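Student: Any chance you can model this:
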Amino acid sequence: MKIIVNGESKEVTADPTTPLLWVLRDHLDLTGTKYSCGIGLCGACTVLIDGEAVRSCRLALGEVKESAVLTIEGLSDDLSHPVQRAWREERVAQCGYCQGGQMLSTAALLERNPDPSDEDIDNALALNYCRCGTQQRIRKAVHRAAGELRRG
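Tutor: Residues are numbered from 1 along each chain as shown. Model prediction:
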C-alpha cells in the first residue's frame, strides 16, 4: 500500500488495520511520533493528516488512503520551522516526550488561526498532555511562533 508521508510516497507492506503509529515507527523508522496511552487521549502520537491533528494510535493504515501524513520529522528537516524555533527559544521541552505532538497540534492551529488567543491555544492543545508542567512555556512558544509566521 502506498501512503504519502512528509511529502514522499512510501510503499508499506502492513496489514491495513495496523495503527498508523506503528507503520510510522516500525516500517518507516519515523520514531518522533511517540506511543504513550494507546487510546488517543494523550496526544503523544499526534500527526497531521491533510493539515488536521490526528491521533495516529487510533487511525488504521487503511484509513489514510491518499491523504498527506506529516510527522514531526517532516515539519522541517533542519529545525527551522517557526514552531520548532519557538520551542527552542522558549525552552519548552523538559523530557520532550510529548513535544512532537504538541508542535504538530500547534502547526495545525496556526494554519487555521494565525493570531490565537490564550483560550484558542488552550483549546487546541487540551488533548496534548504534558506531565512536566510546561504549559505556560508552551503557550508562550505558540504566541512566539504565531508572531513569526505573521511577520513572514
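Student: tell me the domain ranges of this structure?
Tutor: 2-73, 82-151 (automatic domain parsing).
Student: Find the centremost residue of the chain, please.
Tutor: For the chain, the residue nearest the mean C-alpha position is residue 104 (2.7 Å; CA atoms, centre = their mean).
Student: does that one count as helix, strand or coil?
Tutor: Following DSSP: H, G, I helix; E, B strand; the rest coil, the label given to residue 104 is helix.
Student: Quick one: residues contacting it.
Tutor: Residues counted as contacts of residue 104 (CB atoms under 8 Å, 6 or more residues apart in numbering) are 46, 47, 48, 53, 70, 71, 72, 75. Where you see a C-beta, it was placed from the backbone N, CA and C, and this is true even at glycine.
Student: how about 10 Å then?
Tutor: 32-33, 43, 46-48, 53-54, 70-72, 74-75, 83, 128 (CB atoms under 10 Å, 6 or more residues apart in numbering).
Student: Columns mean pLDDT on top of the domains of the chain, output as TSV?
Tutor: As requested, these are exported to TSV (pLDDT from 0 to 100):
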stretch	mean pLDDT
domain 2-73	96
domain 82-151	93
